[in-house]
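> any chance you can model this:
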Amino acid sequence: MATTLTVKGQVTIPKKIRDALDLQPGCKLNFAVNDDGDVLLQKSGSGTTTSKTAAAKSKQKKDRFEQVRGKADIHWRTQDLMKLMRGEH
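You can find the predicted model right below:
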C-alpha cells in the first residue's frame, strides 16, 4: 500500500491498516524504525479494553449529514427542487 507525504509531513493511514489496528480519531500512535529501516506503527496503550473503545465510539459526534438524514417533512419532486435551486420560481 502506498500513500503520499504532504508538504506538512502528514500521511493518510490506509483504511485496511486503520481497521486492523482498530484506530479511531484521537488514538495515540507510536512510531519506531528498526535496524533495517522499516517503520513500525503501533497503537499506543494497546492494553486498553474493548469497552473503552466501544465507549469512545458511542461518544463520537454523528456526521452532520447523518444527524438530519430522513428528517425532512416535505417531499420534493426532483424537477421542483431543481427549479427552486436555480431560482426558476
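> can you give me the strands for this protein?
29-33, 39-43 (DSSP state E).
> make CSV from these and add mean pLDDT to it.
Output for these, formatted as CSV (pLDDT from 0 to 100):
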stretch, mean pLDDT
strand 29-33, 91
strand 39-43, 89
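> L23: which of those is closest?
Judged by C-beta to C-beta, the one of the strands of the chain that comes nearest to L23 is strand 39-43, at 6.4 Å. Heads up, the C-betas are built off the backbone N, CA and C, glycines and all.
> what is that closest one packed up against?
Where contact means 3 or more C-beta pairs under 8 Å, 6 or more residues apart in numbering; DSSP states H and E, strand 39-43 is packed against strand 29-33.
> the strand it packs on to strand 39-43, inter-axis angle?
What separates the directions of strand 29-33 and strand 39-43 is an angle of 160 degrees, with axes from the mean of the first three to the mean of the last three C-alpha atoms, to 10 degrees.
> just checking, what packs against strand 29-33?
strand 39-43.
> off-centre distance for the strand it packs on?
Averaging C-alpha positions (C-alpha atoms, centre = their mean, to the nearest Å) puts strand 39-43 19 Å from its chain's average.
> contacting residues around it?
13, 17, 21-23, 27-34 (C-beta atoms under 8 Å, 6 or more residues apart in numbering).
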